[in-house]
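J.: sequence plus predicted model, see below.
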Amino acid sequence: MTFRPPVPPRMSDVAERAGVSKMTVSRVLAGRSVSPATRERVQKVIDELGYVADAAAGALSSGRSEFVAVLVPSLASSNFSDTVRGLNAALTPHGLQLLLGDTDYRLEQEELLVRSMLRHQPRCVALTGGRHTDATRTLLQRAGIPVVEMWDLPTDPIDTAVGFSNATAARAMVRHLHASGYRRIGFIGGASERDRRGLDRMRGYIAEMKSLELGEPRVIRLGDSPITMSHGAPAIGALLEAWPDTEAVMCVSDMSAFGAMMECHRRGLSVPGDIAIAGFGNFEVSWCSQPTITTVSVDAYGIGLRAGEALLAELKARETAGTNSASAQTQRAKAIKIDFTVIPREST
């Protein structure tokens, strides 16, 4: 006997059993005006048959799907997963669903994902960072849909940006270490050019070291993105080998800070007695470790929430004023700044 997979019910099946036209079924599914009795009868048949509407067909008829394309560098990062949760909290109550893509910190991968997702006619796009390939910028600018860049405040945003300056946050951490009495301060980060926010933190560290006249920056770049705990140990080892008199170190993330601190313990070095260690991100490990880790806290969930609200506001403005109207363009907020906080803890 030849196995034949079950055929899913079609709209015509619903219409036939309910005794209505396919157009009436379509109106029920779209929430348009139908008599209560007819709506109830059609919905009962839909439930009985287990009919699921073809989203692609709906997108063709309306011109747009009901999803939002969201691109993040890594779904393994709790910060970016919190941002996705914030987006979801803002958009889901309005009937919008997220279509997620992981760029792996690669601008070329981001471009491929943008090309692919735009073919499916998303209502809007949320992507991480303010640096993209020229092709990605062109694609998004010509798409004619709301775009929000998250976790950064680019000088020339594609549409709307929701984030903060990673360089400014890093400078604030260096000032905190300086105010705590440390002068010989190092920095450990990744060797890859892909983590643009990590590079901005390094640049902020270098700028503040020069501003405070603390001598030549002590920078160790080691490991590919994303930076994990495993990168911290060899990085702190390389730093202490190059500059044995280092008093404090700022790490590009709490993950590398934890790895660095564990290596100090293995070497018999006291934290912060022999060397102070600070991280970035306020990950769970920073307040569960011993000692707890001084860090920069950023509201990752809030970034997603504000980004979602910005997209909804832009969709509403375009519906009210027209997609290409001047009033819709002038009402748009180009930059939404998210606050960060330096959290002093036991490690410094």
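T.: Nice, I can see it.
J.: if we look at stretch 96-111, which residues are touching it?
T.: Counting by C-beta atoms under 8 Å, 6 or more residues apart in numbering, stretch 96-111 makes contact with 66-75, 84, 87-88, 91, 113, 117, 120, 122-123, 127-128, 131-133, 135-136, 139, 192, 194-195, 225-226, all of which sit outside it. C-beta: built from backbone N, CA, C; applies to glycine.
J.: can you flag which of those residues belong to helices?
T.: Secondary structure from DSSP state H places 84, 87, 88, 91, 113, 117, 135, 136, 139 of these in helices.
J.: list of residues touching the lengthiest helix in the chain?
T.: When the chain is parsed with DSSP H, its longest helix is helix 300-321. Residues outside helix 300-321 that contact it (C-beta under 8 Å, 6+ apart) are 68, 78-80, 82-91, 94, 123-124, 126, 146, 148, 150-151, 159-160, 162-163, 325, 327-328, 331-333, 336, 338.
J.: ok, the closest residue to residue 89 other than its chain neighbours - how many residues close by?
T.: Nearest residue to residue 89 in three dimensions, chain neighbours excluded: residue 305, at 6.0 Å (C-beta to C-beta, 6 or more residues apart in numbering). Number of residues near residue 305 (other C-beta atoms under 10 Å) recorded here: 21.
J.: how about residue 170?
T.: For residue 170, the neighbour count with other C-beta under 10 Å is 27.
J.: how about low-confidence regions in this structure?
T.: 1-7, 52-65, 322-333 (pLDDT under 70).
J.: go again using 80 as the cut-off
T.: Within the chain, the stretches with pLDDT under 80 are 1-8, 30-32, 49-65, 192, 194, 224-227, 321-333.
J.: for it, what spans make up the helices?
T.: Secondary structure of the chain, counting by DSSP H: helices at 11-18, 22-30, 36-49, 55-62, 78-91, 107-118, 134-142, 166-179, 196-211, 229-242, 254-266, 284-288, 300-321, 326-331.
J.: how close does residue 177 get to residue 280?
T.: Note on residue 177: its distance to residue 280, by C-beta to C-beta, to the nearest Å, is 13 Å.
J.: spit out the residues that contact those two alike.
T.: Jointly contacting residue 177 and residue 280 under the rule C-beta under 8 Å, 6+ apart are residue 250.
J.: the more surrounded of the two?
T.: Using other C-beta under 10 Å, the more surrounded residue of residue 177 and residue 280 is residue 280, with 31 against 25.
J.: the more buried one touches residue 170, doesn't it?
T.: Yes - contact criterion C-beta atoms under 8 Å: residue 280 and residue 170 qualify, at 7.5 Å.
J.: anything in contact with each of those two?
T.: Here residue 280 and residue 170 have 201, 250, 296 as joint contacts, going by C-beta under 8 Å, 6+ apart.
J.: stretch 282-302: which residues count as buried?
T.: Within stretch 282-302, the residues scored as buried using 16 or more other C-beta atoms under 10 Å are 282-283, 285-286, 289, 292-301.
J.: cool, and stretch 238-250?
T.: Residues of stretch 238-250 classed as buried by neighbour count (16+ other C-beta under 10 Å): 239, 240, 243, 246, 247, 248, 249, 250.
J.: got the end-to-end distance for that stretch?
T.: End-to-end distance for stretch 238-250: 14 Å, by C-alpha to C-alpha, to the nearest Å.
J.: now that stretch, how far from the chain's geometric center?
T.: For stretch 238-250, the separation from the chain centroid amounts to 32 Å (computed by C-alpha atoms, centre = their mean, to the nearest Å).
J.: what lies in contact with it?
T.: Contacts for stretch 238-250 (C-beta under 8 Å, 6+ apart): 170, 173-174, 177, 180, 182-188, 205, 218, 220, 222, 236, 260, 272, 275-280, 348.
J.: buried subset of those residues?
T.: Those of those that meet the buried threshold are 170, 173-174, 177, 182, 185-188, 205, 218, 220, 222, 236, 260, 272, 275-280, 348, by 16+ other C-beta under 10 Å.
J.: any of the contacts of stretch 96-111 buried? List them.
T.: By 16+ other C-beta under 10 Å, those give 66-74, 84, 87-88, 91, 113, 117, 122-123, 127-128, 132, 136, 139, 192, 194-195, 225-226 as buried.
J.: what is the nearest of the buried residues of stretch 282-302 to residue 155?
T.: Residue 155 lies nearest to residue 298 out of the buried residues of stretch 282-302, by C-beta to C-beta, at 19.9 Å.
J.: what's the separation between the closest one and residue 10?
T.: Using C-beta to C-beta, residue 298 is found at 49 Å from residue 10.
J.: again, but for residue 98
T.: Distance of residue 98 to residue 10, computed by C-beta to C-beta: 28 Å.
J.: need the buried residues of stretch 238-250 in TSV (columns: distance to residue 312).
T.: Output for the buried residues of stretch 238-250, formatted as TSV (distance: C-beta to C-beta, whole Å):
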residue	distance to residue 312
239	46
240	50
243	50
246	48
247	48
248	43
249	42
250	37
